[in-house]
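J.: Test case, fold it:
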Amino acid sequence: QHVSSACRLTTEEELLLLQLCTPTARERLSLLLLNRKAYVTAVSSLGKIPPDKSLTVKLGTERMPSFENFDSVIDNTIIDNPKKTMISSKLFGAAYSRPEEEQIAYGGLRALEFINAALNSGIEVKSARYGFPLIYDLMTNTVGFKLHPNDRPHNWGRILFRLLPPNDYKTTSAEMSVLRILSENPQIANNPNIPKFHIDSGMAKVKGIFGGKDAVSRLLEQLGAFFQKDNVQNMSRKHEALSECEPRKSMVLTRPNSYAEQRLWVVPRITNYSLDKFQLDIQNCASVNIPVRQLQAFSSKPLAPMKLEKFVEELTRTELGEAQVSSTLPFNLGAERATQTHCSMATTQRITADVMKYAEKTNAEKSPILLGFRPNEIKSFHNAPAALNRATDQLTKLSRSLNIAMDYDRKSLWNLMNRALAIATSDERSDTPNAGGPDGECNFFRFRLGQCSEREPSAWFELLVSSTLSTTGEHDIRSLNPYLSALAYKTVMSLTVVAMLTSIRI
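T.: Model (predicted):
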């Protein structure tokens, strides 16, 4: 996932590396490597299974370490049974002393010392100084603790609440239920009608403890009624218990139905080079403005478009002043005894036929000669200045025509290469825009951004040239771009082949 497409390994290459991994004498192979090997083996086999079948990969697992899960408990005690409180709630409520505003509300060294003292002494619900009353005051913004001017006291309350020991948060009580609800619902904690924690003074603390009217009991009674209100329950976000992660024991893999699936396994490679003949679609070439005459010239006389007949003529051996090639053998072995056997006579007949055929073919051939440069004309250059001037002019015209043709071919080669790459990489879209709706367009732009970041592979011209030698060239190139259609692939190959022929002519 985080490896660029150019640096990815094929399934065969990765399996080779995994097979080279051997455990030491006293240790077994890493479970991670064993699972990876099983997974890569299954991926490499997906192309061999039917489309409606799947592969199940069994994975080895290790025992997960046990830990206390803060979010495994759903506590609605304050709503269901608000009288279920902690036994010591009256005591820590009576002993609580609210921090002074000027010491903690403006940040600075005092605020930092306060939070350090809280963390060093430990956060407990039953603590008189750093327990339920302080956390509740922070969540309801009654205590405006801040280290930074942009801090929110509610967030500091949530932090301290999360630092409670397991014995506190695993026990359901009205106090813990209140803190859980306010922690997950800041809109309720900031409600102007939420009850505040009022600290008793003097003998009122002692009377409240024995009379059941202490500060904590009064607050919980008020909160029980507050949370029962319809508008408060409508604002409340239901807390869901989060279970621990369990290691996966198996994976089910299905065969990809299109090139758009399993993109992380796409590697820009040519699978083989065993194609013996490449078929060029002439009609497809015509659709991208490659004329048939150009293709005919490439297959017969590459320089035909520059009207080669103005500069070159074809002459026979007689016109060139050359003797005809004899059709008879230049030697006679008939008198030799060794040539009288059946095999020797058959060999002699075959040689005679070959010499005759060679002579007929050679005598019928014509050789291309520059106009004005016949052998007798070349000899006349020494004595006829006019003939020499005509020959010089002819060479000048030929050189000029060749340079013009070469400049045209260079521009044509540049255009052919760029357009082939543009279609192959979807710079020039070959699919139908908006055919897949908004989601299809989003996926297309996601693919294009992936090319920019090299997460998605992009074809280059040498790769296109190499694919003309492969029996799986279409699969190798189309897998790089899921938006490249079969017809667009033919167009890319036509442009690539014509570019190769143009470069040869240059």
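
J.: got a list of what residue 248 touches?
T.: Contacts here follow C-beta atoms under 8 Å, 6 or more residues apart in numbering; on that basis residue 248 touches 59, 61. Glycine gets a C-beta too; all of them are placed from N, C-alpha and C.

J.: ok, now the one 5 residues further on?
T.: For residue 253, the contacting residues are 42-43, 46, 54-57, taking C-beta under 8 Å, 6+ apart as the criterion.

J.: Mind telling me what element it is part of?
T.: Assigned by DSSP states H and E, residue 253 belongs to strand 250-254.

J.: quick one: strands adjacent to that strand?
T.: Here strand 250-254 has these sheet partners by DSSP bridges: strand 54-58 (antiparallel).

J.: Just the buried residues of the partner strand, please?
T.: The neighbour-count check on strand 54-58 (16 or more other C-beta atoms under 10 Å) flags 55, 57 as buried.

J.: what mean pLDDT does that strand have?
T.: For strand 54-58, mean pLDDT rounds to 90.

J.: List of residues touching that strand?
T.: Strand 54-58 is touched from outside by 38-39, 42, 45-46, 49, 249-255, with contacts defined as C-beta under 8 Å, 6+ apart.

J.: show me the contacts for residue 158.
T.: Residues near residue 158 by C-beta under 8 Å, 6+ apart: 139, 183.

J.: Using the three-state scheme, assign it.
T.: Here residue 158 is helix, with the state taken from DSSP: H, G, I helix; E, B strand; the rest coil.

J.: for the strand or helix carrying residue 412, packing partners?
T.: Taking DSSP H and E as the definition, residue 412 sits inside helix 385-424. Contacts defined by 3 or more C-beta pairs under 8 Å, 6 or more residues apart in numbering; DSSP states H and E place helix 385-424 against strand 367-370, helix 375-380, helix 461-467, helix 486-505.

J.: weakest of these in terms of mean pLDDT?
T.: helix 375-380 (a mean of 86).

J.: Pull out the buried positions in that one.
T.: The neighbour-count check on helix 375-380 (16+ other C-beta under 10 Å) flags residue 377 as buried.

J.: swap in stretch 120-131?
T.: Buried residues in stretch 120-131 (16+ other C-beta under 10 Å): 123-125, 127-128, 130-131.

J.: For these, point out the one with the lowest pLDDT.
T.: Among the buried residues of stretch 120-131, residue 128 carries the lowest pLDDT, at 79.

J.: Angles on the backbone of it, please.
T.: phi -70, psi -30 (degrees, to the nearest 10).

J.: Spatially nearest residue to it (excluding sequence neighbours)?
T.: Leaving aside its chain neighbours, residue 128 sits nearest to residue 95 (3.5 Å; criterion: C-beta to C-beta, 6 or more residues apart in numbering).

J.: Tell me, how many residues neighbour the one you found?
T.: Residue 95 has 13 neighbours, counted by other C-beta atoms under 10 Å.

J.: gap between it and residue 132?
T.: Counting by C-beta to C-beta, to the nearest Å, the gap from residue 95 to residue 132 is 11 Å.

J.: same deal with residue 171?
T.: Using C-beta to C-beta, one gets 13 Å for the distance from residue 171 to residue 132.

J.: Over to residue 267?
T.: Distance from residue 267 to residue 132, by C-beta to C-beta: 59 Å.

J.: what do you get for residue 373?
T.: Distance of residue 373 to residue 132, given as C-beta to C-beta: 110 Å.

J.: and what of residue 169?
T.: 12 Å.

J.: which one of the two has more residues nearby?
T.: Ranked by neighbour count (other C-beta under 10 Å), residue 169 and residue 132 place residue 132 first, with 30 against 22.

J.: That one contacts residue 173, correct?
T.: No - applying C-beta atoms under 8 Å as the test, residue 132 and residue 173 come out as separate, 9.6 Å apart.

J.: before we move on, back to that, so for the helix holding residue 412, mean pLDDT?
T.: For helix 385-424, mean pLDDT rounds to 92.

J.: what helices or strands is the following helix or strand past it leaning on?
T.: Beyond helix 385-424 on the C-terminal side, the first helix or strand identified by DSSP H and E is helix 437-452. Applying 3+ C-beta pairs under 8 Å, 6+ apart, we find helix 437-452 packed against no helix or strand.

J.: could we number from 70 for the rest of this?
T.: Sure thing, new numbering starts at 70, so read that last one as helix 506-521.

J.: Okay, buried residues for helix 506-521 please.
T.: For helix 506-521, a neighbour-count test (16+ other C-beta under 10 Å) marks 513, 516, 520 as buried.

J.: Residue 436: which of those residues is nearest?
T.: The closest of the buried residues of helix 506-521 to residue 436 turns out to be residue 520 (C-beta to C-beta; 52.9 Å).

J.: quick one: contacts for the closest one?
T.: Residue 520 neighbours (C-beta under 8 Å, 6+ apart): 494, 526-527.

J.: Next secondary structure after the lowest-mean-pLDDT helix or strand in the chain?
T.: The weakest-scoring helix or strand in the chain, judged by mean pLDDT, DSSP states H and E, is helix 272-280 (a mean of 57). The helix or strand immediately downstream of helix 272-280 is helix 284-296, counting by DSSP H and E.
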